[in-house]
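[1] Here is a sequence with its predicted model. Questions after.
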Amino acid sequence: MLRIAVQSKGRLFEDTMNLLSEADIKISSSKRTLLIQSSNFPLEVLYLRDDDIPQSVASGVADVGIVGENEFSECGEDAQVISHLGFSRCRLSLAIPKECDYTGLQWFNGKKIATSYPNILRRYMNKHGINADIHVITGSVEISPGIGLADGIFDIVSSGSTLVSNNLREVETVTESEALLIGNRHMDKEKHAILNEMLFRFEAVRSAQDKKYVMMNAPKAKIKEITEVLSGIKSPTIIPLADEDWCSIHTVLDQKRFWEIIGKLKELGAQGILVTPIEKMIL
C-alpha cells in the first residue's frame, strides 16, 4: 500500500483529486476523514495542511505527496522531487503600493517586507545583496502595506487580482511554482512498483491534455499535402473508403494550433472533419 499526502483544501486539493479521478483511482468523497483508502488501487490518501506535507514525506509518515513547489522550497525538507505535475501554477513575487516610484531591486534596501515565505525571500535577497527587514506573516499578507505593517510584500500571485484590490503592483518575480510529486528517499520495492503504476497513469492523463483526435475524409490526390500540414504524434492513419478517389485520415492535434491547421485542411479539400476530446493517451 502506498500512502500519498495531499492538501486538505484549496485549489491544489481540487486539482489533485481531479488528477486521481482522471487516472481512475477512486477516492470516496462522501466521508472525509484524515486517512482514506482507494477502492480500486493500492493507495491511501492522507489529508494534511500544505506546509505539513514536505515533512510528512521526508520523515516517512507518507511515502509520497503532492505539494506546491513554493512550499517544498520554503520548507527545505529532505525529500526527492519525483515529477513536476504541470498544474496549480503560480509565481512568488515582490509587490509594492502602486503610488511608489520603483527604481529596481535596490528599492527594498532598508525596507520592511511582509511574507509567509521568509526562507525563499531571504535567499533571494542575500543573492542580490539586498538588506531588507523580513516580517513573517501567516495570512493576509497583501493587507500589510495598507495598514502600515510593511513597505512591500512577497507572496503568491496567480491572476494578480488580489494585488489590484489592495492597491499593490507586482515589481519582481522571484520564482515560478507548480504542483510537485515528492517522495520519501527510502521506499521499498513494493511501494516503488505501485508508484510507477501511478506515474504511468498520471502521464497518460497529462499526455491527453490539450490534444484532440481528428478524423476527416480527404481526396487521395491531396494526401501528401495534407500529411505535411498535420503535426500529429506520428504519421497519420490513412484508411481507404468505398470511393477509390477518397480516403479517411485520422490523427492527433495539439489544441494550440488546432484552428490554424483545420483551416489549411479545408483549403486542401478535407471534408466531414470530426473532432473528439482525448481522455487518456499512452505514448
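    Nice, thanks for sending it over.

[2] Low-confidence ranges, the protein, go.
    30-32, 231-234 (pLDDT under 70).

[3] for it, what spans make up the helices?
    For the chain, the helices defined by DSSP state H cover 11-22, 53-59, 69-75, 118-127, 161-165, 189-208, 223-229, 258-267.

[4] which one of the ones you listed is the most hemmed in?
    helix 53-59 (a mean of 23; mean count of other C-beta atoms under 10 Å). (Each C-beta comes from the backbone N, C-alpha and C, glycine too.)

[5] Can you spell out which helices and strands pack onto that helix?
    Counting contacts by 3 or more C-beta pairs under 8 Å, 6 or more residues apart in numbering; DSSP states H and E, helix 53-59 packs against strand 2-7, strand 64-68, helix 69-75, strand 179-183.

[6] And that helix, how far out from the chain middle?
    Mean-position distance between helix 53-59 and its chain equals 20 Å (C-alpha atoms, centre = their mean, to the nearest Å).

[7] neighbouring contacts of it?
    Identification of contacts with helix 53-59 by C-beta atoms under 8 Å, 6 or more residues apart in numbering yields 5-7, 46, 48, 61-67, 71-72, 75, 77-79, 182-184.

[8] mind saving the C-alpha coords of it as PDB?
    Extracted in PDB, the C-alpha atoms of helix 53-59 (Å, rounded to 0.1, in the frame of the first residue of the first chain):
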ATOM      1  CA  ILE A  53       3.300  17.700   3.500                       C
ATOM      2  CA  PRO A  54       7.100  18.000   2.900                       C
ATOM      3  CA  GLN A  55       8.000  17.000   6.400                       C
ATOM      4  CA  SER A  56       5.500  14.100   6.400                       C
ATOM      5  CA  VAL A  57       7.100  12.700   3.300                       C
ATOM      6  CA  ALA A  58      10.700  13.300   4.400                       C
ATOM      7  CA  SER A  59      10.000  11.500   7.700                       C
END
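
[9] still on that earlier bit, nearest to residue 83, of the helices and strands packed on helix 53-59?
    Residue 83 sits nearest to strand 179-183 of all the helices and strands packed on helix 53-59, at 4.4 Å, using C-beta to C-beta.
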